[in-house]
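Asks: could you work out the structure for the sequence below:
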Amino acid sequence: MGGFSIWHWLIVLVVVLLVFGTKKLRNIGSDLGGAVKGFKDAMKEEQNKPTELPRQGEAGGTTIEGEVKDKQNS
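Replies: Reported below is the predicted structural model:
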């Protein structure tokens, strides 16, 4: 009742190959590999992206809104 032996895993592998076929499993593997590669490239791109500092007028967004309200009420 313990864990699976090597024979259990081999039988599972044979059943999976019979159900899906080698071509479909190869396509799934290449799609998964491409997705992982794309994710890694995006992470590298994000790390190399310089951080932008806010411009002088954009730093206080709520202040600008307050000024607009005051001007509209006057």
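Asks: helices or strands up against the top helix by length along the chain?
Replies: In the chain, with assignment by DSSP state H, the single longest helix is helix 22-48. Judged by 3 or more C-beta pairs under 8 Å, 6 or more residues apart in numbering; DSSP states H and E, the packing partners of helix 22-48 are helix 6-20. Glycine gets a C-beta too; all of them are placed from N, C-alpha and C.
Asks: report the rounded mean pLDDT for the helix it packs on.
Replies: The average pLDDT for helix 6-20 rounds to 91.
Asks: could I get it in CSV with only the CA atoms?
Replies: Taking Å, rounded to 0.1, in the frame of the first residue of the first chain, the C-alpha atoms of helix 6-20 are listed here in CSV:
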residue,chain,number,x,y,z
ILE,A,6,8.9,1.8,-11.4
TRP,A,7,6.5,-0.7,-13.1
HIS,A,8,3.5,1.4,-12.1
TRP,A,9,5.0,4.5,-13.7
LEU,A,10,5.9,2.6,-16.8
ILE,A,11,2.4,1.3,-17.2
VAL,A,12,1.0,4.9,-16.7
LEU,A,13,3.5,6.2,-19.3
VAL,A,14,2.4,3.5,-21.9
VAL,A,15,-1.3,4.3,-21.3
VAL,A,16,-0.7,8.1,-21.7
LEU,A,17,1.2,7.4,-25.0
LEU,A,18,-1.6,5.2,-26.2
VAL,A,19,-4.3,7.8,-25.4
PHE,A,20,-2.6,10.9,-26.6
